[in-house]
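# starting from these lines, generate the structure:
(chains A and B)
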There are 2 protein chains.
Amino acid sequence: MITRRTLEQLDQNDPLAPFRDRFVLPCGVIYLDGNSLGPLPRATPARIAHLIQHEWGEGLIRSWNDAGWIDLASQVASGIAQLIGAPPGSVVVADSTSVNLFKSLAAALQLRPARQVIVSERGNFPTDLYIAQGLTTLLGGRHELRLVEPEELPAAIDEETAVVMLTHVNYGTGAMHDMAAITHAAHARGALALWDLAHSAGAVPVDLTAADADLAVGCGYKFLNGGPGAPAFLYAAPRLHETLRMPITGWLGHADPFAFETTYRPAAGLAQATVGTPPILSLAALQVGVAIALEAPMSQVRTKSQAQVKLLAELFQHAAPGRFHRVTPDDPARHGSQLCLAHPDAYAIMQALIARGVIGDFRAPDILRFGITPLTLRYAELWDAAEILGEVMAQDTWRDAAYATRQTVT
Amino acid sequence: MITRRTLEQLDQNDPLAPFRDRFVLPCGVIYLDGNSLGPLPRATPARIAHLIQHEWGEGLIRSWNDAGWIDLASQVASGIAQLIGAPPGSVVVADSTSVNLFKSLAAALQLRPARQVIVSERGNFPTDLYIAQGLTTLLGGRHELRLVEPEELPAAIDEETAVVMLTHVNYGTGAMHDMAAITHAAHARGALALWDLAHSAGAVPVDLTAADADLAVGCGYKFLNGGPGAPAFLYAAPRLHETLRMPITGWLGHADPFAFETTYRPAAGLAQATVGTPPILSLAALQVGVAIALEAPMSQVRTKSQAQVKLLAELFQHAAPGRFHRVTPDDPARHGSQLCLAHPDAYAIMQALIARGVIGDFRAPDILRFGITPLTLRYAELWDAAEILGEVMAQDTWRDAAYATRQTVT
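Residues are numbered from 1 along each chain as shown, chains lettered A, B, ... in the order given. Model prediction:
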């Protein structure tokens, strides 16, 4: 039988426990939403204050050189590369995940000009599907976006398939694809594999090189703790750099941006995937988050994440037996760092939980999503979260009209 | 004869003089580069510190609603709209200028599917040309980018022209197009007009409605003082919102982002031009800059800007007679808020000036560019800048080897 004491002991023996103090976490909150917006690293406010007051305020335009702003994106990219098993020079930090997906997908289609099909998952994060729909419309409608269920994936990849575009860890279920196996299946048919790592980078082991992935994109404001709307990243396997052509060709992706030539010449390697001037304030905040992620051994992060998903599921089941349907796979090897539970009144229940300080999020139509962030989440907090869930369900707190009206929550 | 005393008196009578104290400006610097990176508003550090520590640190994910992050981009857009003569709802703040140019240009081509030509200026800012080249490659090479000199523009617009894409104020010369006349010429041939306002917004009077412009993009980190890499903006005339289709269709441009539908449905109006999650830190800094710009009457800004361009040119000519070739048009109605001078050794001379605290920038191959920012620039500083230029030229300071090696300056 699990007790709070058991969990406190797990915290005492947790090798990741010291990371908690590297972040600001408000009192009275159990934060299970680091997969929507990672918490604030304690080092970030001073870094940004220095950047604004000294680098911008005093250094002005000189800071592009003197404070190294011009290299900031590639420095952050080097850090992210290490987190996702990418060799140096194969990651660019720029734009949003959606824009990077557009760039990567267009590049993939250009690399497979004779093929018409993009294979993806029906339950993929909508922006991924929307980006594919917008791109295929732009290209004249000659491509097909083939949406299937996860189990239908291998059979759906055929000789017409240009690219298999998937999110590694599903935002709404937490299910994790076998990246290497699907990439292999894609390659066996001559197709490319493009992975969205939004819920993977910093959360689960990712080795793009070992998986032989072709392209990838990911997000800076979830498990990388880069702050709201942090810049995103883009990966391309080195073997593609020579032939790859990015569709959005801005001056910072030019071979010699400050020569101000009239004709575009792509920068060497993946640098051509940089488009415009990066948002330096947001980028510097991302740098702080990535530096912390690099200090945490991924094997420890993964072990704790899997243990916490399992414990949270058991504690919730004990607190409100049979009230929720677990949608996250039971097999710890097949899920990411989140627990997703279905309930017809998921929205109101999550609002009631948030009002009591247990912050997860709702995903339409009926999912309560609880993100597990091993760098900050204590085992004992799982106990407290379950206790509050139990009360909310026993007292029908969530039936309060105040929780029924939907607000926008990203 | 102009004396420093004359200029000091102009400062005393300057209605914009109080704006100087709204910005941080370092000692020993005469800043003539606000058109590359606007100076830091005094209110920005506290705004960003509050955002980071309270909204992000304490509010966490709840701040998307509770701190209004979800509406921040549209609030900033409303402010920018007022600066450029755009009706409410016709401006979106998102992405970089380059990405917005890609989106706008693709939308323009989609609105004129039977036409193949993009007309632009050979001396346009390179990223504008690169973006057009990348887009036309993506679309299969059936479009032509027709580059002409400014005086050839009217004749170059014909029945094949889909869109005329121009930067309103040229980055390298300061020459300003007659937006209304060229837009009219484009419309007379059935073409659209797309304007890049990078060096216009906040710097010169812009009335997109009066000019009947179709599309526009612009930059947040120059005269809007939004900080390094601040988000950019995109305008589309309301008459186009119904038929316009953006090529990059992200979830925040969906009619109901949080319904997580499988199929993209564009948001009403121009909201479809929003793509991914915006960089909130950078966006909040831009909001501060835009708010200040809105307080300054544009007629006063323009009058001072024109007076300062004229005075700076005269003082420079007096300090180093015949040493530079003025490339900015003499007619004050035909230039933006900058003075550009050509010299074969422009790079080294600018480095020598910067070393003495006179910060302008170099633009390849031979341009010294001096940005005029009437909210912060004192008339007396023009005198001092000219004095330093005179010394640098008289003493051949700039021939020092230290100034010969090019560094990257954005």
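# wait, doesn't A:Ala17 sit right on A:Asp11?
Yes: counting by C-beta atoms under 8 Å, A:Ala17 does reach A:Asp11; the two are 6.0 Å apart. Where C-beta positions appear, they are placed from N, C-alpha and C, glycine not excepted.
# for those two, list the residues in contact with both.
A:Arg378 (C-beta atoms under 8 Å, 6 or more residues apart in numbering or on different chains).
# any idea of the mean pLDDT for the longest helix seen in chain A?
With residue count as the measure and DSSP state H as the assignment, chain A has helix A:298-319 as its longest helix. Summarised as a single mean, pLDDT over helix A:298-319 is 98.
# now for the helix or strand following that helix, which elements pack on it?
Following helix A:298-319 in sequence order, the next helix or strand is strand A:325-326 (DSSP states H and E). Helices and strands touching strand A:325-326, by 3 or more C-beta pairs under 8 Å, 6 or more residues apart in numbering or on different chains; DSSP states H and E, are strand A:338-342.
# just the angle for the strand it packs on relative to helix A:298-319, thanks.
30 degrees (axes from the mean of the first three to the mean of the last three C-alpha atoms, to 10 degrees).
# report the buried residues of strand A:338-342.
A:Gln338, A:Leu339, A:Cys340, A:Leu341, A:Ala342 (16 or more other C-beta atoms under 10 Å in any protein chain shown).
# which other helices and strands does it contact?
The helices and strands touching strand A:338-342, judged by 3+ C-beta pairs under 8 Å, 6+ apart, are helix A:298-319, strand A:325-326, strand A:367-371.
# residue boundaries of the helices in chain A?
Taking DSSP H as the criterion, chain A carries its helices at A:4-12, A:44-50, A:63-66, A:69-83, A:97-111, A:126-138, A:153-156, A:179-188, A:208-211, A:280-295, A:298-319, A:346-355, A:379-394.
# if you look at the fifth one, does any of it touch chain B?
Yes: using C-beta under 8 Å from any C-beta of the partner chain, helix A:97-111 comes into contact with chain B via A:Thr97, A:Ser98, A:Val99, A:Phe102, A:Ala106, A:Gln110.
# tell me the most packed of those, by neighbour count.
A:Phe102 (31 neighbours; other C-beta atoms under 10 Å in any protein chain shown).
# hey, where'd the strands end up in the stretch 101-250 of chain A?
Listed in chain order, the strands found in the stretch 101-250 of chain A under DSSP state E, counting those that start in this stretch are A:117-121, A:144-148, A:161-167, A:192-196, A:215-218, A:233-236.
# mean neighbour count added to those, as a markdown table?
Output for the strands of the stretch 101-250 of chain A, formatted as a markdown table (neighbours: other C-beta atoms under 10 Å in any protein chain shown):
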| stretch | mean neighbour count |
| --- | --- |
| strand A:117-121 | 24 |
| strand A:144-148 | 16 |
| strand A:161-167 | 26 |
| strand A:192-196 | 27 |
| strand A:215-218 | 28 |
| strand A:233-236 | 30 |
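# who in the stretch 51-200 of chain A is up against chain B?
Taking C-beta under 8 Å from any C-beta as the criterion, the contact residues of the stretch 51-200 of chain A with chain B come out as A:52-53, A:56-58, A:60-65, A:69-70, A:95-99, A:102, A:106, A:110, A:122, A:125-127, A:129-131, A:133-135, A:137-140, A:147, A:172.
# do you know how far whatever residue of the stretch 251-400 of chain A ends up closest to chain B is from A:Leu252?
In the stretch 251-400 of chain A, the residue found nearest to chain B is A:Gly276; the distance is 2.8 Å by C-beta to the nearest C-beta. With distances taken as C-beta to C-beta, to the nearest Å, A:Gly276 is found 6 Å from A:Leu252.
# residues shared between the contacts of those two?
B:Ser98.
# what's near enough to touch the residue lying closest to A:His184 once chain neighbours are set aside?
Distances taken as C-beta to C-beta, 6 or more residues apart in numbering or on different chains put A:Asp212 closest to A:His184, at 7.1 Å, once the chain neighbours are dropped. If a contact means C-beta under 8 Å, 6+ apart, then A:Asp212 has A:Ala180, A:Thr183, A:His184, A:His187, A:Ala193, A:Ala237 as its contacts.
# how close does the spatially most central residue of chain A sit to chain B?
Taking C-alpha atoms, centre = their mean as the criterion, A:Ala198 is the residue nearest the geometric centre of chain A, at 1.9 Å. Distance from A:Ala198 to chain B, counting by C-beta to the nearest C-beta, to the nearest Å: 11 Å.
# do A:Val204 as well
Distance, A:Val204 to chain B, using C-beta to the nearest C-beta: 21 Å.
# look up how far A:Pro332 lies from that residue.
When distance is defined by C-beta to C-beta, A:Val204 is 11 Å away from A:Pro332.
# again with A:Phe19
Taking C-beta to C-beta as the measure, A:Phe19 and A:Pro332 are separated by 21 Å.
# these two: which is more packed in?
Looking at A:Phe19 and A:Pro332 with other C-beta under 10 Å, you find the greater number of neighbours at A:Phe19, namely 20 against 15.
# the more buried one contacts A:Ala296, correct?
Yes: under the criterion of C-beta under 8 Å, A:Phe19 is in contact with A:Ala296, at a separation of 6.1 Å.
# okay then, goodbye and thanks.
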